[in-house]
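Visitor: Let's see this in three dimensions:
(chains A and B)
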Amino acid sequence: QQQVKQSPQSLIVQKGGISIINCAYENTAFDYFPWYQQFPGKGPALLIAIRPDVSEKKEGRFTISFNKSAKQFSLHIMDSQPGDSATYFCAVVPTGNAGNMLTFGGGTRLMVKP
Amino acid sequence: DAGVIQSPRHEVTEMGQEVTLRCKPISGHNSLFWYRQTMMRGLELLIYFNNNVPIDDSGMPEDRFSAKMPNASFSTLKIQPSEPRDSAVYFCASMAGVGEQYFGPGTRLTVT
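Guide: This next block holds a predicted model:
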């Protein structure tokens, strides 16, 4: 499977602050970059996703920034809230017939302090 | 829709026993995925099916693991014989579009 490196492993942010999670991938043959959010005891849930033909996508307080040349993409959570405390996973989806498969990063455990 | 349904939610078994995990995907989704999640290895894709046919099982750790999808609304993941290192949370997910996988609540397996 392709490598996706995610950092940091854990992150503590004060309420109202900005949370930033980064991912780097090792292959250019991907055409979809989703982020998943997982609360304790639950399965991951799709949060936001971007395709490589755009450099940024924003949905509410969540923004993905994508740098194709650097093979990096990041999740920014603006005005972080305690309810955002969860584990976040970036993922990549290969191009072509294997496009159904997700390869996940190692995850970032975010804690937002009130 | 009730979402992806998995059973049991928790399973505790002794080493050497057979374990069967069950999954009902969201109606109309034609791809189904089995994942394993551990602290050490994170989320690992074990196998995925498209239109009930296994497409990629390269993530299945060894022959003790097997998966079936006899119809569009049911899949099983079987471990026989189970070992303590199989302890993990096993997720089933089904897919509507590329990358848009919907995960079930998971089965927490403990093998003693």
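
Visitor: how about low-confidence regions in chain A?
Guide: Scanning chain A for pLDDT under 70 picks out A:1-2, A:97-99.

Visitor: residue in it nearest to chain B?
Guide: A:Gly43 (3.0 Å; C-beta to the nearest C-beta). C-beta coordinates here come from the backbone N, C-alpha and C atoms, glycine included.

Visitor: So that residue is in contact with B:Phe91, correct?
Guide: Yes: if you go by C-beta atoms under 8 Å, A:Gly43 and B:Phe91 touch, sitting 5.2 Å apart.

Visitor: do you know how far A:Met111 is from A:Lys15?
Guide: Look at A:Met111 and A:Lys15: by C-beta to C-beta, to the nearest Å, they are 11 Å apart.

Visitor: Ok, B:Arg41 next?
Guide: According to C-beta to C-beta, B:Arg41 and A:Lys15 sit 32 Å apart.

Visitor: How about A:Phe33?
Guide: The gap separating A:Phe33 from A:Lys15 is 28 Å, by C-beta to C-beta.

Visitor: ok, residue 59 - contacts?
Guide: Using chain A here. Counting by C-beta atoms under 8 Å, 6 or more residues apart in numbering or on different chains, A:Glu59 touches A:Ile48.

Visitor: Actually, chain B is the one I wanted.
Guide: A:Gln1, B:Glu44, B:Leu45, B:Leu46, B:Ile47.

Visitor: And the residue of chain B that's closest to chain A?
Guide: Nearest residue of chain B to chain A, counting by C-beta to the nearest C-beta: B:Phe103, 3.0 Å away.

Visitor: Wait, that residue touches A:Phe39, no?
Guide: No: applying C-beta under 8 Å, one finds B:Phe103 not in contact with A:Phe39, separated by 11.4 Å.

Visitor: More neighbours: those two, which one.
Guide: For B:Phe103 versus A:Phe39, neighbours defined as other C-beta atoms under 10 Å in any protein chain shown are more numerous around B:Phe103 (23 against 12).

Visitor: what about the closest residue to the more buried one other than its chain neighbours, distance to B:Cys23?
Guide: Take B:Phe103 and drop its neighbours on the chain: the residue closest to it by C-beta to C-beta, 6 or more residues apart in numbering or on different chains is A:Gly43, 3.0 Å away. Taking C-beta to C-beta as the measure, A:Gly43 falls 11 Å from B:Cys23.

Visitor: Now list whatever residues contact both of those two.
Guide: By C-beta under 8 Å, 6+ apart, the residues touching both A:Gly43 and B:Cys23 are B:Val4, B:Gly104.

Visitor: Of the two, which one has the most company?
Guide: Set A:Gly43 next to B:Cys23 and count neighbours by other C-beta under 10 Å: B:Cys23 wins out with 25 against 22.

Visitor: so where does the more buried one fall, helix or strand?
Guide: Take DSSP states H and E as the rule and B:Cys23 turns out to sit in strand B:19-24.

Visitor: what's the answer for B:Lys68, then?
Guide: Going by DSSP H and E, B:Lys68 is in strand B:65-71.

Visitor: So which residues of chain A form strands?
Guide: Applying DSSP state E to chain A gives strands spanning A:4-7, A:10-14, A:19-25, A:30-38, A:45-50, A:56-59, A:62-67, A:72-77, A:86-94, A:103-104, A:108-113.

Visitor: so which of those strands is the most packed in?
Guide: strand A:86-94 (a mean of 23; mean count of other C-beta atoms under 10 Å in any protein chain shown).

Visitor: Strand partners (parallel or antiparallel) of that one?
Guide: strand A:30-38 (antiparallel), strand A:103-104 (antiparallel), strand A:108-113 (antiparallel) (DSSP bridges).
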